[in-house]
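**Student:** Could you work out the structure for the sequence below:
(one chain, ligands or ions: 1)
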Amino acid sequence: MLRRLILSRNNTFINCRYASQSMVQTTVDEKSGIATVTMNKSPVNSLNLEFLDEIKTELNKLEKDKVKGMMLTSGLQKIFSAGLDITEFYNPNPDRLSKFWSTLQDTWLTLYKTPFPTAAIINGHSPAGGCLFAMSCDYRIMVGPKYTIGLNETKLGIVAPKWFIDTMVAVIGQRKAEISLTTGKMYTTDEALHIGLIDESVPDVNTALTQGNLFLNNFQRISPWAYKMTKDITRQSTVQWLIDNKQKDLDFVVTYLQSAEVQKSLGLYLQSLKK
Ligand SMILES: CC/C=C\C/C=C\CCC/C=C/CC(=O)SCCNC(=O)CCNC(=O)[C@H](O)C(C)(C)COP(=O)(O)OP(=O)(O)OC[C@H]1O[C@@H](n2cnc3c(N)ncnc32)[C@H](O)[C@@H]1OP(=O)(O)O
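**Tutor:** Just a heads-up that it's a prediction; the model follows:
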């Protein structure tokens with residue numbers, strides 16, 4: 001791992017951590033202590049085992065470094081994240097599939113429970129797992145109007161696990177989540193703003209980053225302990241369910257994803273993507 005200081009747009013030094021061939025780049029503004037984590041896995045930031053592992057490691061590092069906040073964004077032109085890498089569960093190797101799902105569980109727990117405030121800068125399409133990661137941040141700013149966001153699992157012939165569903169319910173409420181999930185609806189930026197799936201719609205990435213910094217800087221005036229306790233209490237039931245049911249969730253997903261019916265749906269969906 002290498003480190004270097006670079007000069008930011010507002011002339012403060014940024015501590016930049018990077019590794020060769022890294023899929024995740026992080027900069028930390030030395031003045032504000034706010035980190036920007038950029039997902040950079042071409043072509044669509046699909047979340048496979050190695051990518052998830054890198055994201056989790058990076059989040060743990062930020063916690064150790066006691067950053068004051070984090071913005072999660074994408075380095076790709078028009079995609080925040082295409083969600084889970086479908087090739088991880090189409091014709092899967094069962095051992096790798098187990099490892100992949102456990103890593104997803106752990107990465108999500110790490111992101112959902114960060115002791116520092118987080119903002120998703122959604123600068124591109126954000127289906128399924130991409131939407132999950134955005135919803136797991138404390139605040140969402142989406143660059144409009146061209147992109148879409150939502151949990152579209154039913155469109156793939158699969159079911160969003162309970163903790164995906166609970167995360168969405170926590171953001172938009174039971175009724176809207178039920179409609180969104182059963183129909184697999186992908187929302188435009190305006191629609192997402194209207195139902196509360198995102199907090200702000202902005203015209204470009206620079207504005208999104210400025211607004212993200214503004215949101216995170218609010219916490220300079222809040223006790224970190226009070227922040228963390230409040231977040232833990234608010235998110236407790238969703239987090240605790242997964243902690244208590246990790247193995248059950250894993251066993252179910254591994255069995256269900258390998259069933260002939262689900263494999264057939266996934267094959268057809270992958271084919272449609274290639275077309
Ligand atoms: C009680 C419990 C019950 C059940 C539990 C059981 C099951 C577990 C549930 C599992 C949950 C899964 C959640 C997910 O995240 S599934 C993934 C859903 N993602 C999508 O549907 C996104 C699909 N992709 C797109 O819509 C577009 O690609 C996108 C808008 C992101 C970008 O469009 P663009 O035109 O720019 O690029 P494309 O040409 O479409 O794509 C480029 C190449 O990338 C490949 N691709 C795209 N998305 C994925 C993906 N998610 N995984 C793997 N590969 C992907 C695409 O095929 C293209 O490949 P090539 O043709 O270049 O080879």
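**Student:** And stretch 110-124, end to end?
**Tutor:** End-to-end distance of stretch 110-124 (Cα to Cα, to the nearest Å): 23 Å.
**Student:** Could I get the full set of strands for the stretch 1-150 of the chain?
**Tutor:** 2-7, 13-18, 24-29, 34-39, 69-74, 118-122, 126-127, 139-143, 148-150 (DSSP state E, counting those that start in this stretch).
**Student:** List the contacts of stretch 266-275.
**Tutor:** The contact list for stretch 266-275, computed with Cβ atoms under 8 Å, 6 or more residues apart in numbering, reads Ile86, Thr87, Phe89, Tyr90, Lys155, Leu156, Gly157, Ile158. Just so you know, the C-beta spots here come from the backbone N, C-alpha and C atoms, and that holds for glycine as well.
**Student:** Of all the strands of the stretch 1-150 of the chain, which one comes closest to the ligand?
**Tutor:** Evaluated over the strands of the stretch 1-150 of the chain, closeness to the ligand peaks at strand 126-127, with 4.2 Å, by Cβ to the nearest ligand atom.
**Student:** on contacts alone, who are the packing partners of the closest one?
**Tutor:** strand 148-150 (3 or more Cβ pairs under 8 Å, 6 or more residues apart in numbering; DSSP states H and E).
**Student:** Tell me the helix or strand right after the strand it packs on.
**Tutor:** Counting by DSSP states H and E, the next helix or strand C-terminal to strand 148-150 is helix 162-172.
**Student:** Against the ligand - does stretch 59-76 have any residue that ends up touching it?
**Tutor:** No - remark: stretch 59-76 sits outside contact range of the ligand, by Cβ under 6 Å from any ligand atom, the gap being at least 8.7 Å.
**Student:** what number of residues lie near Val203?
**Tutor:** No, residue 203 isn't Val; it's Pro. By other Cβ atoms under 10 Å, 10 other residues sit near Pro203.
**Student:** So it sits against Lys146, correct?
**Tutor:** No - when contacts are counted by Cβ atoms under 8 Å, Pro203 is not listed as touching Lys146 (10.8 Å).
**Student:** Tell me the buried residues in stretch 170-183?
**Tutor:** Of the residues in stretch 170-183, those buried by neighbour count under the rule 16 or more other Cβ atoms under 10 Å are Ala170, Val171, Ile172, Lys176, Ala177, Ser180, Leu181.
**Student:** from what I can see the first one touches Thr238, true?
**Tutor:** Yes - contact status for Ala170 versus Thr238: in contact at 6.4 Å, counting by Cβ under 8 Å.
**Student:** just checking, what packs against the single longest helix found in the chain?
**Tutor:** Longest helix in the chain, counting residues (DSSP state H): helix 224-257. Applying 3+ Cβ pairs under 8 Å, 6+ apart, one finds that helix 224-257 makes contact with helix 94-112, helix 162-172.
**Student:** Which one, of these, ends up nearest to Gln258?
**Tutor:** The minimum distance between Gln258 and those falls on helix 94-112, with 7.1 Å, by Cβ to Cβ.
**Student:** Thr27 contacts Thr36, correct?
**Tutor:** Yes - distance between Thr27 and Thr36: 5.1 Å, which falls inside the contact criterion (Cβ under 8 Å).
**Student:** Alongside the ligand, which residues does the stretch 1-150 of the chain contribute?
**Tutor:** 43-44, 46, 79, 82-87, 125, 127-129.
**Student:** Report the two of these separated the most.
**Tutor:** Farthest apart among these by Cβ to Cβ are Thr87 and His125. That separation is 18.2 Å.
**Student:** Neighbour count: these two, which is higher?
**Tutor:** Between Thr87 and His125, counted using other Cβ under 10 Å, His125 has the larger neighbour count: 23 against 12.
**Student:** Report the contact partners of the more buried one.
**Tutor:** By Cβ under 8 Å, 6+ apart, the contact list for His125 reads Lys78, Ile79, Phe80, Ala82, Tyr147, Thr148, Ile149.
**Student:** Can you turn the buried subset of the contacts of stretch 266-275 into a selection I can paste into PyMOL?
**Tutor:** To isolate in PyMOL the members of the contacts of stretch 266-275 that are buried, counting by 16+ other Cβ under 10 Å, one can use:
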select buried, resi 86+89+155+156+157+158
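**Student:** Check the contacts of His125 and tell me the two furthest apart.
**Tutor:** Among the contacts of His125, Lys78 and Ile149 lie farthest apart (Cβ to Cβ), at 12.8 Å.
**Student:** If anything else comes up later, I'll come back, but that's it for now.
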